[in-house]
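J.: After the sequence you'll find the predicted model.
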Amino acid sequence: MNLRLAVLVAVASLVALGCATKPAQPAPNTNAAVMFQKNCATCHGPNGDGLMVASKAVPSLKIGKPVTDPDAQLLKQITNGGNGMPPFKYTLTDDEIRQLLKYVRNELQQQKKS
């Protein structure tokens with residue numbers, strides 16, 4: 001009986017120790033969601049639905065070309081800007097731009113890939 005109890009206490013201690021030392025993992029796309037709100041939501045809206053900015057219609061990211069254009073085209077658009085959109089190559093890293101695209105595809109456009 002005492003051996004069972006000792007083994008049980010040892011296993012429970014190891015499990016508790018393992019849980020206590022694991023760092024907290026951020027929620028998926030948390031950084032990208034924050035970047036989107038900071039850099040994109042002002043024009044594209046908080047959910048990517050598009051807005052009117054200074055009497056110019058900013059397109060939704062959920063319909064049309066943003067959905068059908070290949071990733072390379074959207075990466076180029078985010079990086080270099082154009083058509084009223086500012087370039088983000090001066091304020092975001094290439095990795096951050098890729099994270100933004102992934103966020104738009106997976107979260108706003110619901111194009112989750114398996």
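T.: Structure's in. What do you need? Numbering: from 1, shown residues only.
J.: in this structure, which spans are strands?
T.: 51-53, 56-58 (DSSP state E).
J.: would you list those strands in CSV and tack on mean neighbour count and mean pLDDT?
T.: Heads up, the C-betas are built off the backbone N, CA and C, glycines and all. Below are these laid out as CSV (neighbours: other Cβ atoms under 10 Å; pLDDT from 0 to 100):
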stretch, mean neighbour count, mean pLDDT
strand 51-53, 12, 86
strand 56-58, 13, 87
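J.: got TSV for those, with distance to residue 87 too?
T.: Converted to TSV, the strands of the chain look like this (distance: least, Cβ to Cβ, whole Å):
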stretch	distance to residue 87
strand 51-53	17
strand 56-58	16
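J.: Phi first, then psi, for the nearest residue in space to residue 37 that is not next to it in sequence.
T.: In space, residue 37 comes closest to residue 46 once its chain neighbours are excluded; the distance is 6.5 Å by Cβ to Cβ, 6 or more residues apart in numbering. When read as degrees, to the nearest 10, the backbone of residue 46 gives phi -60, psi -20.
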